[in-house]
Each structure stands twice: as structure tokens, then as C-alpha cells.
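Trainee: Structure, please.
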Amino acid sequence: MAVLIGLDIGTTAVKAVAFDTDATTWRPSAQREYPLLEPHPRYQVQPPRELLEAVDAALAECVAACGDRPIEVVGLSSAMHGLVGLDDDLRPVTDILTWADTRAHEEAREVRAEGRGQELLKLTGTPVHPMSPLTKLRWFGRNDPELMTRVHRWIGLKDLVLLHLTDRIVTELSSASATGLLDVRARDWAPAALEIAGIGRESLPEVLATTTVLPLSADAARRSGLPAGTQINVGAADGPLGNLGTGAIEPGVAGLSLGTSGAVRVVVPEPRFDPEGRLFCYALTDDAWVLGGAISNGGLVMRWAADTFAPELSEELEPDTAVLELAARAEPGSDGLVMLPYLLGERAPLWDPDLTGAFLGIRRAHEREHFLRAALEGVCLQLGGIVDLLEQVTTIETVRVTGGVFRSPLWRHVMAASLARPLVPTADAEGTALGAAALA
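Mentor: The predicted structure is shown next:
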């Protein structure tokens with residue numbers, strides 16, 4: 001039976017997963033991690049060489065595990081909003097700036113203060129926020145003009161991997177729709193956005209359909225163990241592919257993912273917008289678009305709360321379970337204690353990287369289990385609020401949730417209560433990689 005490989009390039013790791021064409025049983029996989037560095041405050045970057053070496057290693061291990069089974073196609077998924085500059089020889093001259101890099105916070109605030117935020121959101125589908133390549137490029141133009149003269153091409157994380165595998169400088173509609181630079185209706189780079197970013201369209205790659213396949217280069221074939229010419233599907237961004245991989249693609253079905261950060265998305269047939277500009281809209285394919293919102297403060301909030309209020313539990317055999325058992329001692333509502341979980345500022349729905357978190361309603365009777373439960377409830381309520389916003393644009397009848405946290409009954413129960421809708425847990429380990437293989 002032919003094999004499909006989903007290659008999922010995330011913020012801190014790449015995972016390659018092999019699927020039978022029925023995508024049900026046989027799933028050998030390989031994973032490699034790479035660093036996420038913070039060389040200065042607000043910087044969150046990846047070294048290009050280490051990331052590409054990890055891609056090669058994970059793909060080669062997965063290919064080897066497939067044995068003699070023919071590999072029909074490799075489909076790609078990657079984190080959104082990445083940016084890297086290439087010189088005339090197409091070698092990186094910058095680190096990969098990730099979605100979490102907020103050095104462009106002043107530039108984002110400036111564009112919003114000029115009254116361009118809503119205009120750009122309706123044009124590009126991407127909120128004006130320091131995560132976006134648009135604001136990052138504006139930052140480079142202001143803070144490192146000499147570098148701007150040395151950069152021949154600006155590309156994204158996915159595009160860097162495609163160059164590594166196919167020797168082609170291209171991007172695809174899904175990742176391009178998350179740059180803040182693409183006119184989502186014309187499916188082409190937007191002159192108005194490029195002007196604000198301070199670059200010309202010649203600096204950006206060609207935009208392909210997400211279903212496009214390219215041949216694997218001879219060099220990449222030697223590194224991976226695949227035959228030269230193997231089909232590489234350019235794929236899509238990880239958020240939209242998460243909906244596909246978990247089956248949240250039907251009308252009225254939202255997909256909710258929760259890991260370190262979190263997001264809620266629903267598939268609509270064409271670009272659609274929240275009139276108040278609180279939601280994003282990114283492509284999966286030309287006729288399937290993902291409307292939703294992402295939060296920066298997901299599972300990391302609970303990890304922070306555990307380290308702060310119950311550090312001794314980190315020595316337990318199963319520390320996460322022990323922390324949640326302690327949190328479950330508090331009654332629902334944490335006896336009036338509320339956490340605003342903005343440890344890293346926030347994306348949807350407020351899009352403010354300078355927000356700070358807080359505990360409200362603290363009384364003498366509150367103990368550490370109340371603080372732990374309030375942290376968990378704060379994250380769930382934040383995601384529940386995004387579902388309510390989506391309901392204002394399209395009907396949400398059920399929510400399919402994915403993420404390791406939902407193995408916990410407490411997370412499931414609090415999230416279901418916060419959503420006030422039927423909640424359907426799905427297998428989480430390979431959802432995005434499965435989406436990449438399914439699209440391929």
C-alpha cells in the first residue's frame with residue numbers, strides 16, 4: 001500500500017509521520033527538536049541551519065521506517081508568521097523570526113494608531129500585530145536598513161523548507177495569507193500592504209495553490225533516502241491543517257487546539273471577517289478558509305501557576321496529574337477568584353502584546369488550589385470567548401478539541417462548561433501531520 005508522509009514543522013520541533021492511504025492504522029513517526037532562542041527581550045528566533053538539519057533527520061528516519069513501502073507524496077505543514085531574509089545566493093542572513101517574536105510591537109501600534117488596522121485586516125485577513133511579517137519587515141526597515149539592502153528575498157518558515165527540499169523559491173496560499181501582505185481576494189501580494197512593510201513584490205516568492213506538488217531535488221533525495229523527483233506537496237499552514245486533520249471542516253464544527261498556546265478555528269467557503277476586527281482569516285485551499293482566533297497564553301499559564309504555587313509537585317512521578325488533582329479541590333469558579341491569563345500579552349481578541357495578567361477577587365480564604373484552578377479557568381474562558389465571537393459570524397454547533405491537556409477530566413469539564421456547546425475530544429498526537437498528509 002502506498003504511503004503518505006506528513007511533515008509538520010513547528011515552533012520547537014519537526015515531526016514526520018507516515019500514513020497508509022486509509023490513514024487509520026500504520027503510523028511510524030520521527031521527531032527532532034531545535035532551539036527557540038531569545039537573544040534579546042521580545043526576540044523569539046530559530047537558527048535556520050539547525051532547523052533544516054532537524055527536518056532532514058526526522059524525514060530520513062521516517063522514510064527508513066517505511067521500509068520497502070512506496071512513498072507517494074510528502075505533504076508539508078508549518079507554523080505561521082515566520083520570516084527569514086536570504087542573500088543573492090539564497091542563503092539565510094537572518095534567523096527565522098517566529099510568530100512569538102514581538103520586537104515589532106511599536107510598529108504594530110503605530111500602524112493601528114494611523115487607523116490602518118481594520119483596512120489591512122479586511123484586505124489581508126491578518127490582524128496588525130507584531131507576530132505578522134508585515135510589522136517585522138517594517139521593523140527591519142527602521143532598525144536595520146543596512147540589512148535590508150543585503151536581503152534579496154524575504155520568505156517564510158515553510159518557504160525555507162521548500163527551498164531546502166525542492167530548490168524552488170515559492171510559497172503557498174495558506175502561509176501567504178498569514179503574512180499580512182496578501183490580498184486574500186486577489187490571491188496576490190497587496191501593493192498597499194507592501195508599501196507599509198517597505199518592500200517590493202520582487203522580494204517575495206511566487207504564491208502557489210496549496211495543492212501544488214513539486215519534485216524533490218537530487219540533493220534532498222540523498223539526505224532523506226527518498227527517490228529524486230518524489231512529489232512534495234507545498235501544503236498549508238499548521239492552523240488550517242489542524243482543522244483538516246481533526247475533521248473540523250464541516251459547517252457548524254469548530255476546531256480548538258490547546259498546547260503551549262491555543263486557537264479556535266472554523267472553516268468557511270470564502271474570506272469572511274468579524275466587523276470589529278477581532279478574528280483572523282487564513283486559507284486552507286482556494287475555496288476553504290479558516291476563520292478564528294489564536295491565544296498566546298494556553299498551557300504555559302498552567303505550567304507557570306504550577307511552578308509558582310506548587311513547585312514541590314514537579315518532583316512527582318506525574319507532576320501534571322498531581323497539579324490538576326490539587327486544582328480540582330477548589331470548587332468551580334474558584335470561590336470568586338478570577339485570573340486574567342495574559343502572561344505574554346495577548347493575540348485574539350484584543351491583539352495587544354503589552355497586556356499584563358492579573359488575579360482578581362483575592363480573599364483571605366483563597367488557597368493555592370484556588371489560584372491553580374483560576375489559572376485553568378482563565379485559559380478556558382479566553383477560548384470560550386473566541387467561540388462566542390465566531391458565533392457572531394457563523395454558526396458553531398459543536399467543538400472538536402485537540403491537545404494533550406484534554407486527557408485530563410478537569411480540562412475537559414472546564415472547557416466544556418466554558419464553551420457551553422458539545423465538546424468532542426479527538427486524537428491529538430498527529431492531527432496537523434495528518435492534515436498535511438490528507439491535503440497531499
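
Trainee: Enumerate every residue touching the most centrally placed residue in the chain.
Mentor: Geometric centre of the chain, nearest residue: Ala79, 4.5 Å, by C-alpha atoms, centre = their mean. Ala79 is in contact with 9-11, 98-99, 157, 237-238, counting by C-beta atoms under 8 Å, 6 or more residues apart in numbering. C-betas here are computed from N, CA, C, even on glycine.

Trainee: Ala178 too?
Mentor: Applying C-beta under 8 Å, 6+ apart, the residues near Ala178 are 80-81, 125-126, 132, 237, 239, 280, 282.

Trainee: Is it in a helix, a strand, or coil?
Mentor: Here Ala178 is coil, with the state taken from DSSP: H, G, I helix; E, B strand; the rest coil.

Trainee: Model confidence at it, what's the number?
Mentor: Reported pLDDT at Ala178 in the predicted model: 98.

Trainee: Just give the number of residues close to the spatially closest residue to Arg412 that is not a sequence neighbour.
Mentor: Leaving out its chain neighbours, the residue that sits closest to Arg412 by C-beta to C-beta, 6 or more residues apart in numbering is Phe406, at 5.5 Å. The criterion is other C-beta atoms under 10 Å. On that basis, Phe406 has 18 neighbouring residues.

Trainee: quick one, strands of the stretch 301-440 of the chain?
Mentor: 338-340, 358-360, 398-402, 423-425 (DSSP state E, counting those that start in this stretch).

Trainee: In a markdown table, list these along with mean pLDDT.
Mentor: A markdown table is the format used below for these (pLDDT from 0 to 100):
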| stretch | mean pLDDT |
| --- | --- |
| strand 338-340 | 98 |
| strand 358-360 | 98 |
| strand 398-402 | 93 |
| strand 423-425 | 93 |
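
Trainee: For the residue lying closest to Thr356 once chain neighbours are set aside, grab phi and psi.
Mentor: Excluding the flanking residues, the one nearest Thr356 by C-beta to C-beta, 6+ apart is Tyr342, at 5.8 Å. For Tyr342, the backbone dihedrals are phi -100, psi 60 (criterion: degrees, to the nearest 10).

Trainee: Tell me if I'm right that Tyr342 and Asn297 touch.
Mentor: Yes: contact status for Tyr342 versus Asn297: in contact at 6.0 Å, counting by C-beta atoms under 8 Å.

Trainee: Where does Gly242 sit: helix, strand or coil?
Mentor: Looking at Gly242 with three-state DSSP, the answer is helix.

Trainee: And for it, the neighbour number?
Mentor: 28.

Trainee: can you check Pro227 too?
Mentor: Neighbour tally, Pro227, other C-beta under 10 Å: 12.

Trainee: measure it to Val74 for me?
Mentor: Here Pro227 is placed at a distance of 12 Å from Val74 (C-beta to C-beta, to the nearest Å).

Trainee: list residues touching both of these two?
Mentor: In contact with both Pro227 and Val74: Leu216, using C-beta under 8 Å, 6+ apart.

Trainee: Hmm, Arg400 and Leu258 touching each other?
Mentor: No: the criterion here is C-beta under 8 Å, and Leu258 misses it with Arg400 at 12.0 Å.

Trainee: about what we covered before: look at Tyr342 and Asn297 and report which has more neighbours.
Mentor: The residue with more neighbours, out of Tyr342 and Asn297, is Asn297; 26 against 21, by other C-beta under 10 Å.

Trainee: Contacts only, for that one.
Mentor: 261-262, 341-344, 346, 357, 379, 382.
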